[in-house]
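1. need a structure here:
(4 chains, ligands or ions: 4)
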Number of protein chains: 2
Amino acid sequence: MASPTEENYLKTLFTKADKNGEIAITELSQYLKVSAPTANSMIKNLSQQGLVNYEKYKLLSLTARGKKEAAFIIRKHRLTEMYLVEKMGFGWEMVHEIAEQIEHIDSPRFFDRMDELLGYPKVDPHGSPIPDKNGKITAKTLVKLSDCKVGDTVTLSALANSSEEFLKYLNSKQLQLELKLRVEAIEPFDQNMKIKYLRNRVEILSQMACNKLLVEKQL
Amino acid sequence: MASPTEENYLKTLFTKADKNGEIAITELSQYLKVSAPTANSMIKNLSQQGLVNYEKYKLLSLTARGKKEAAFIIRKHRLTEMYLVEKMGFGWEMVHEIAEQIEHIDSPRFFDRMDELLGYPKVDPHGSPIPDKNGKITAKTLVKLSDCKVGDTVTLSALANSSEEFLKYLNSKQLQLELKLRVEAIEPFDQNMKIKYLRNRVEILSQMACNKLLVEKQL
DNA sequence: ATAATAAGTTAGATTGATCTAAATTATAAT
DNA sequence: ATTATAATTTAGATCAATCTAACTTATTAT
Ligand SMILES: [Mn+2]
Ligand SMILES: [Mn+2]
Ligand SMILES: [Mn+2]
Ligand SMILES: [Mn+2]
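-> Numbering: from 1, shown residues only, chains lettered A, B, ... in the order given. Ligands and ions are numbered 1, 2, ... in the order given. Down below sits the predicted model:
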């Protein structure tokens, strides 16, 4: 029922909301690259449909129904990304753009078949969790690499940001998910981290980068 | 550049035009399930863009550019259908609906990768030719089964109509492309054909069905 | 040749998604 | 407590895609 435009709003509301599930309408409009009045009128529409909690001048949040709808769209997006990487051989930096379009395809069968062929994956190629058929998300609790201390050995499990730039940067350092990383040292001045991985590879990663690397302690 | 709506017009213009490449605007509007005035205004738009030859009250046709654009969309549609059947295990009767949506995805890479994974197929699951990357179509010259005579042995190569109903009918008779068929007899009264295939299977097919079965003599 | 019918076009309205400019409300700063 | 600033909303316009009703042109039948 939801148009691609409406689906994009729900998805952004879901993924960009803060810890309390709230977001300001102007911030939302920026993510969606539309003007504030455009977002304002669309939000009224979604509120009318019972998908968004909206009161004038207050922060926005999704209703239970809105969250469920959003989860279905995110499911379609992330299954697609996984399919493109695993079954079609695309690099993890190439799939977001395509998934951004395919997520709007209306065909439960199509996505369920992807899911089946992939063996019901739990996460997408960037480590983000894939909602199940009921819209339920089971996310591991991960910590930022930048919060780890010298001597910690961790598994790179997800990215807090999956921009093409960052993904290409990671490619250039042969950094990929499921890799074991060891914190060799931390520069007190700027928090740069010396990381060891892949037998003997050592790289200095900026705090900015380490902030976006989500890891699991041990495994 | 073309919207999904415009793409659907171009595709329909291409596939539903007569031998001279022409079609009436009302007929077009019926295929697209829009009113005649809607089609009229869209055709003016496409004509403005140099994709359609349009003169008031005359039949419509695609320009060279329009034909090329149309071929690209048809390429996306048919590659998708082939991919869905060959790589995702869908039945040939299930893929048109999905392809109708995926054909509007804007990502040359995505479709070229499908093409590559499929080994550059020449035809879709219904035997229709797939335009190449340059929009060139190479179609075999096929004849209708209904034009064959008793004793002819032919290969079922394509369908003149791929409606879900017809495809399910063919499924129920285990009729599929590349099958060798032999015309055993033709009923003079109604042109029903007695066809033998798959070792010893024999079926009586109506003229209506035989009209839509396109075959190649010998192989 | 005229009239009836069918096909195609024009006029005018609607809906969703978008914009800019202007007004209002909330928040922050003095 | 006022005032300045930032966020949000309202007003009003535009554009694509659609519709129905009315009109015009072409085709067909008598
Ligand atoms: Mn993505
Ligand atoms: Mn999208
Ligand atoms: Mn098709
Ligand atoms: Mn389509």
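
2. contacting residues around the residue nearest to the spatial centre of chain A?
-> By Cα atoms, centre = their mean, the mean C-alpha position of chain A lies nearest to residue A:128, the distance being 4.9 Å. Taking Cβ atoms under 8 Å, 6 or more residues apart in numbering or on different chains as the criterion, residue A:128 is in contact with A:78, A:158, A:159, A:162. In this view, the C-beta of every residue, glycine as well, is placed from N, C-alpha and C.

3. Scan the residues you listed and report the most crowded one.
-> Ranked by the number of neighbours (other Cβ atoms under 10 Å in any protein chain shown), those place residue A:78 first, at 22 neighbours.

4. check which helix or strand covers that one.
-> Element membership of residue A:78 [criterion: DSSP states H and E] is helix A:64-86.

5. How about that helix, which residues are buried there?
-> Neighbour counts using 16 or more other Cβ atoms under 10 Å in any protein chain shown place A:66-85 of helix A:64-86 among the buried residues.

6. for stretch A:87-96, same thing?
-> A:88, A:90, A:92, A:93, A:94, A:95, A:96.

7. just to revisit the earlier point, out of the contacts of residue A:128, which is nearest to DNA strand D?
-> Using Cβ to the nearest atom of the strand, residue A:162 comes nearest to DNA strand D of the contacts of residue A:128, at 25.3 Å.

8. Residue A:148 versus the closest residue in space to that closest one that isn't next to it in sequence, what's the distance?
-> Leaving out its chain neighbours, the residue that sits closest to residue A:162 by Cβ to Cβ, 6 or more residues apart in numbering or on different chains is residue A:126, at 4.2 Å. In this structure, residue A:126 and residue A:148 are 20 Å apart, going by Cβ to Cβ, to the nearest Å.

9. does residue A:10 sit in a helix or strand, and which one?
-> helix A:4-16.

10. angle of the helix or strand just after that helix against helix A:4-16?
-> From helix A:4-16 onward toward the C-terminus, using DSSP H and E, the following helix or strand is helix A:25-32. Angle between the axes of helix A:25-32 and helix A:4-16 is 110 degrees (criterion: axes from the mean of the first three to the mean of the last three Cα atoms, to 10 degrees).

11. any bit of whatever helix or strand comes next after helix A:25-32 sitting next to DNA strand C?
-> Sequence-wise, the next helix or strand downstream of helix A:25-32 (DSSP H and E) is helix A:36-48. Yes - contact check for helix A:36-48 against DNA strand C, using Cβ under 7 Å from any atom of the strand: residues in range are A:37, A:38, A:41, A:42, A:45.

12. can you count the residues close to the last one?
-> Around residue A:45 sit 16 other residues, with neighbours defined as other Cβ under 10 Å.

13. for it, what are its contacts?
-> residue A:6.

14. cool, and the fourth one?
-> For residue A:42, the set of contacting residues under the criterion of Cβ under 8 Å, 6+ apart consists of A:5, A:6, A:9, A:34.

15. For residue A:125, give its distance to residue B:111.
-> Taking Cβ to Cβ as the measure, residue A:125 falls 20 Å from residue B:111.

16. Mind checking which of those two has more residues around it?
-> Here residue A:125 and residue B:111 are set side by side on neighbour count (other Cβ under 10 Å), and the busier one is residue A:125, at 26 against 21.

17. what helices or strands is the following helix or strand past the helix holding residue A:78 leaning on?
-> Helices and strands here follow DSSP H and E; after helix A:64-86, the next one along the chain is helix A:95-102. Other elements packing on helix A:95-102 under the criterion 3 or more Cβ pairs under 8 Å, 6 or more residues apart in numbering or on different chains; DSSP states H and E are helix A:64-86.

18. gap between the helix it packs on and the chain center?
-> Mean C-alpha position of helix A:64-86 versus that of the full chain (Cα atoms, centre = their mean, to the nearest Å) differs by 10 Å.

19. what do you get for stretch A:1-8?
-> On Cα atoms, centre = their mean, the centre of stretch A:1-8 falls 19 Å from the chain's centre.

20. Check stretch A:201-210 too.
-> Relative to the centre of its chain, stretch A:201-210 is centred 21 Å away, using Cα atoms, centre = their mean.

21. which helices and strands does the helix holding residue A:78 pack with?
-> Contacting helix A:64-86 under the criterion 3+ Cβ pairs under 8 Å, 6+ apart are the following elements: helix A:4-16, helix A:95-102, helix A:108-118.

22. Just the angle for it relative to helix A:4-16, thanks.
-> Angular relation of helix A:64-86 and helix A:4-16 on a 0 to 180 degree scale: 90 degrees, by the same axes, to 10 degrees.

23. Helix A:64-86 near ligand 2 anywhere?
-> No - for helix A:64-86, no contact with ligand 2 is found by Cβ under 5 Å from the ion; the gap never falls below 7.3 Å.

24. how many neighbours does residue A:116 have?
-> The number of residues packed around residue A:116, counting by other Cβ under 10 Å, is 11.

25. Tell me the confidence at it?
-> Per-residue confidence for residue A:116 comes out at a pLDDT of 98.

26. got it, and the one 10 residues further on?
-> On the pLDDT scale, residue A:126 is placed at 98.

27. Tell me if it really is in a strand.
-> No - using DSSP: H, G, I helix; E, B strand; the rest coil, the assignment for residue A:126 is coil, not a strand.

28. Distance of it relative to residue A:58?
-> The spacing between residue A:126 and residue A:58, counted by Cβ to Cβ, is 32 Å.

29. more neighbours, those two?
-> Legend: neighbour count by other Cβ under 10 Å for residue A:126 and residue A:58, higher for residue A:126 (22 against 11).

30. nearest spatial neighbour of the residue in chain A that ligand 2 sits nearest to, skipping sequence neighbours?
-> Closest approach of chain A to ligand 2 (Cβ to the ion) occurs at residue A:100, with a separation of 4.1 Å. Ranked by Cβ to Cβ, 6+ apart and with sequence neighbours excluded, the top spatial neighbour of residue A:100 is residue A:77, at 7.2 Å.

31. ok, now which ones touch the one you found?
-> A:11, A:99, A:100, A:102, A:103, A:124.

32. nearest to residue A:24, of those?
-> Checking the contacts of residue A:77 against residue A:24 with Cβ to Cβ, the nearest one is residue A:11 at 17.1 Å.

33. these two touch, right, that closest one and residue A:74?
-> Yes - assessed by Cβ atoms under 8 Å, residue A:11 is found in contact with residue A:74 at 6.0 Å.

34. any common contacting residues for those two?
-> Common contacts of residue A:11 and residue A:74, defined by Cβ under 8 Å, 6+ apart, comprise residue A:103.

35. What residues does chain A have near ligand 2?
-> Within reach of ligand 2 by Cβ under 5 Å from the ion, chain A has these residues: A:8, A:100.

36. if I look at residue A:156, how far off is DNA strand D?
-> Using Cβ to the nearest atom of the strand, to the nearest Å, one obtains 35 Å as the distance from residue A:156 to DNA strand D.
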